[in-house]
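Participant: Quick check, what structure comes out for this input:
(one chain, ligands or ions: 1)
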Amino acid sequence: MIAGVDVFLLFSRLILSTIFIGWFYQLALDLAAMGRFIVEILNQPTNQSKRGRKMIEFNVQDMTCGHCASRISKAINGIDSSAKVDVRIEGRSVLIESKASPDELAQAIRDAGYTPVAP
Ligand SMILES: [Cu+2]
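Facilitator: As a prediction, the model looks like this:
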């Protein structure tokens, strides 16, 4: 009879802890989802910053290969991580969509060791 009661208690505890673990697990999932939602809202670009982006083109005659292109891309993303960089090695040109000013972008390219010229 005692053994039966023990088994019953053990079983009830098992069910209760399963419910609690499930509840905490669900709570953790909900909190994580909520966190992701908040981060998404905070990272959403506002219309203001979208409107502030400009297309800028530079001729870079001393850009000769993929290595040069990646150095220039990195330099630009270093001052504006959201910048879109389109490097055309054959045309020796770099097209940039960024909120950084043309002067800042030109300086970043010069700092990387290249000579940007506005076309
Ligand atoms: Cu190169």
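Participant: Figure out the helix or strand that Val94 lives in.
Facilitator: Assigned by DSSP states H and E, Val94 falls within strand 93-98.
Participant: can I get the CA coordinates of that strand in PDB?
Facilitator: Output of strand 93-98 as PDB, limited to C-alpha atoms (Å, rounded to 0.1, in the frame of the first residue of the first chain):
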ATOM      1  CA  SER A  93      34.500  52.700 -61.400                       C
ATOM      2  CA  VAL A  94      32.800  52.400 -57.900                       C
ATOM      3  CA  LEU A  95      29.100  53.100 -57.500                       C
ATOM      4  CA  ILE A  96      28.100  53.700 -53.900                       C
ATOM      5  CA  GLU A  97      24.700  54.100 -52.300                       C
ATOM      6  CA  SER A  98      25.300  55.600 -48.900                       C
END
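Participant: what helices or strands is the helix or strand just after that strand leaning on?
Facilitator: The helix or strand immediately downstream of strand 93-98 is helix 102-111, counting by DSSP H and E. Helices and strands touching helix 102-111, by 3 or more C-beta pairs under 8 Å, 6 or more residues apart in numbering; DSSP states H and E, are strand 54-60, helix 66-79, strand 93-98, strand 116-117. Every C-beta, even on glycine, is put in place using the N, C-alpha and C of the backbone.
Participant: Go ahead and measure how far helix 102-111 is from the middle of the chain.
Facilitator: 23 Å (C-alpha atoms, centre = their mean, to the nearest Å).
Participant: Check stretch 33-43 too.
Facilitator: The answer for stretch 33-43 is 13 Å, by C-alpha atoms, centre = their mean.
Participant: swap in stretch 6-18?
Facilitator: 47 Å.
Participant: Not counting residues beside it along the chain, what's closest to Thr64?
Facilitator: Ile89 (7.3 Å; C-beta to C-beta, 6 or more residues apart in numbering).
Participant: Now that Ser98 has come up, it's in contact with Gly52, right?
Facilitator: No. Counting by C-beta atoms under 8 Å, Ser98 does not reach Gly52; the two are 9.3 Å apart.
Participant: Settle it for me: which of the two has more neighbours?
Facilitator: Neighbours were counted for Ser98 and for Gly52 using other C-beta atoms under 10 Å; Ser98 has more, 23 against 12.
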